[in-house]
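Trainee: Here is the input, now give the coordinates:
(one chain, ligands or ions: 2)
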Amino acid sequence: MSFNRKKVSVIGSGFTGATTAFMLAQKELADVVLVDIPQMENPTKGKALDMLEAGPVQGFDANITGTSNYEDTKDSDIVVVTAGIARKPGMSRDDLVQTNQKIMKSVAQEIVKHSPNAYVVVLTNPVDAMTYTLFKETGFPKHRVIGQSGVLDTARFCTFVAQELNLSVKDITGFVLGGHGDEMVPLVRYSYAGGIPLETLIPKDRLDAIVERTRKGGGEIVALLGNGSAYYAPAASLVQMCEAILKDQRRVIPTIAYLEGEYGYEGIYLGVPTILGANGIEKIIELELTEDEKKALDKSAEAVRNVMGALV
Ligand SMILES: NC(=O)C1=CN([C@@H]2O[C@H](COP(=O)(O)OP(=O)(O)OC[C@H]3O[C@@H](n4cnc5c(N)ncnc54)[C@H](O)[C@@H]3O)[C@@H](O)[C@H]2O)C=CC1
Ligand SMILES: O=C([O-])CC(=O)C(=O)O
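Mentor: Ligands and ions are numbered 1, 2, ... in the order given. Next up is the predicted model:
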């Protein structure tokens with residue numbers, strides 16, 4: 001039997017890749033192909049089969065297969081890239097650049113060969129530079145190569161705000177811009193609880209502490225896990241982006257987008273507010289920034305450029 005469903009391939013069947021595959025299937029967004037290197041083929045097949053067997057219990061219809069053969073990814077609507085190494089305690093995301101750039105180059109070739117029309121959603125760190133690498137190596141148009149950081153960083157910010165105010169996370173909105181590093185820019189001025197500006201609800205020193213905790217949010221989890229980095233919230237973030245594209249939702253979502261003059265930056269992938277829909281990044285939204293906010297964004301963009309300087 002075959003179904004005419006959307007197809008999402010997830011490259012890398014580790015913590016983030018496997019969790020993403022499962023969440024995509026649970027939401028019945030697409031059939032999922034989970035891909036890893038040949039040495040990982042059996043565990044990848046095993047994970048996929050195990051997930052598939054949860055279908056009758058949870059009542060979801062989606063096929064999930066594990067493979068190391070990129071032929072199986074043919075004509076994917078979206079390719080999610082999580083392949084590569086993750087950091088360990090004491091490391092920065094930028095320490096991963098050389099190893100993961102090589103992996104991105106090989107993955108890019110496979111995407112171009114098997115899914116030339118796919119949207120590419122990138123998670124691998126350092127994610128701003130890795131998204132840039134996939135953009136260059138695939139030669140795909142910029143609206144089809146998109147990085148994930150802002151959904152996750154904003155989710156962390158909203159989690160901490162909801163805890164602070166003892167309110168539902170559903171009523172908290174925020175916006176975290178910039179590179180996915182310690183210089184990221186949580187935009188407090190554009191953040192609300194039930195439509196009420198946060199600055200009127202939370203004292204400045206507490207808000208500053210929430211901003212700082214958000215910036216270091218990935219590191220906080222790395223230190224607790226001890227042998228890897230976050231994966232539940234990152235996977236949920238990838239799935240939100242895939243859903244926006246697959247269902248043409250035209251959601252306002254911060255994503256890592258290629259900038260050609262927006263916010264005054266040229267030739268760089270950076271986290272900015274975008275409209276995400278059936279054409280991938282449909283539009284980059286340019287917010288008005290205060291002098292201090294722009295300075296903070298400049299610093300974050302500079303940090304991304306430094307990592308890009310290490311690309312070969
Ligand atoms: N942008 C973001 O917000 C986040 C980024 N990350 C990043 O995502 C990446 C993956 O993290 P995890 O899943 O936790 O790591 P993991 O180590 O659990 O999984 C990575 C998988 O990639 C596979 N892999 C390596 N080379 C490959 C290749 N050439 N083709 C296919 N698969 C390949 C490995 O065999 C492994 O199974 C890391 O770089 C991590 O830093 C993680 C969380 C959030
Ligand atoms: O911190 C890491 O290395 C993984 C990541 O990007 C995050 O969780 O934000």
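Trainee: buried ones in stretch 46-53?
Mentor: Using 16 or more other C-beta atoms under 10 Å as the test for burial, stretch 46-53 gives 47-48, 51-52. Where you see a C-beta, it was placed from the backbone N, CA and C, and this is true even at glycine.
Trainee: next one: stretch 99-119
Mentor: Buried-residue list, stretch 99-119, by 16+ other C-beta under 10 Å: 100-101, 103-104, 107-108, 110-111, 114-115, 118-119.
Trainee: Just the mean pLDDT for stretch 243-250, thanks.
Mentor: Average pLDDT, stretch 243-250: 98.
Trainee: what about it, how long is it end to end?
Mentor: Distance across stretch 243-250, first residue to last, is 10 Å (C-alpha to C-alpha, to the nearest Å).
Trainee: any weak-confidence spans in this protein?
Mentor: Residue ranges of the chain with pLDDT under 70: 1-2.
Trainee: All the strands of it, in order from the start?
Mentor: If DSSP state E is used as the criterion, the strands of the chain fall at 7-11, 31-35, 64-67, 78-81, 119-122, 145-147, 172-173, 176-177, 185-186, 192-193, 196-197, 251-260, 266-277, 280-284.
Trainee: How about residues contacting the fifth one?
Mentor: If you take C-beta atoms under 8 Å, 6 or more residues apart in numbering as the criterion, strand 119-122 is touched by 77-81, 111, 130-131, 134, 138, 140, 144-148, 238, 241-242, 245, 256, 280.
Trainee: Skipping its backbone neighbours, what lies nearest residue 156 in space?
Mentor: Among residues not flanking residue 156 along the chain, residue 217 sits closest, at 4.0 Å (C-beta to C-beta, 6 or more residues apart in numbering).
Trainee: no wait, residue 310
Mentor: Among residues not flanking residue 310 along the chain, residue 97 sits closest, at 5.0 Å (C-beta to C-beta, 6+ apart).
Trainee: Widest-spaced pair of the buried residues of stretch 46-53?
Mentor: 47 and 52 (9.7 Å; C-beta to C-beta).
Trainee: Which residue is the nearest non-sequential neighbour of residue 251?
Mentor: residue 244 (4.5 Å).
Trainee: From ligand 2, how far out is that neighbour?
Mentor: For residue 244, the distance to ligand 2 equals 20 Å [C-beta to the nearest ligand atom, to the nearest Å].
Trainee: who touches that residue in this structure?
Mentor: 250-251, 253, 276-277.
Trainee: from those, which single one is nearest ligand 2?
Mentor: residue 253 (16.3 Å; C-beta to the nearest ligand atom).
Trainee: And the residue of the chain closest to ligand 1?
Mentor: Going by C-beta to the nearest ligand atom, ligand 1 is nearest to residue 14 of the chain, at 1.8 Å.
Trainee: Please tell me how far the closest residue to residue 124 other than its chain neighbours sits from residue 277.
Mentor: Excluding its sequence neighbours, the residue lying closest to residue 124 (C-beta to C-beta, 6+ apart) is residue 84, at 4.2 Å. Here residue 84 is placed at a distance of 28 Å from residue 277 (C-beta to C-beta, to the nearest Å).
Trainee: How about the residues of this protein by ligand 2?
Mentor: Contact residues, the chain versus ligand 2 (C-beta under 6 Å from any ligand atom): 86-87, 93, 125, 152, 180, 218-219, 221-222, 229-230, 234.
Trainee: Kindly recompute the last result at 8 Å.
Mentor: Contact residues, the chain versus ligand 2 (C-beta under 8 Å from any ligand atom): 86-87, 91, 93, 96, 123, 125, 127, 149, 152-153, 156, 180, 217-219, 221-222, 229-230, 233-234.
Trainee: out of those residues, which are inside helices?
Mentor: Judged by DSSP state H, helices contain the following of those: 127, 152-153, 156, 217-219, 221-222, 233-234.
Trainee: how about the most centrally placed residue in the chain, what does it touch?
Mentor: Centroid-nearest residue in the chain: residue 148, 2.1 Å away (criterion: C-alpha atoms, centre = their mean). Contacts were defined as C-beta under 8 Å, 6+ apart; by that measure residue 148 touches 121-123, 127, 234, 237-238, 241, 255-256.
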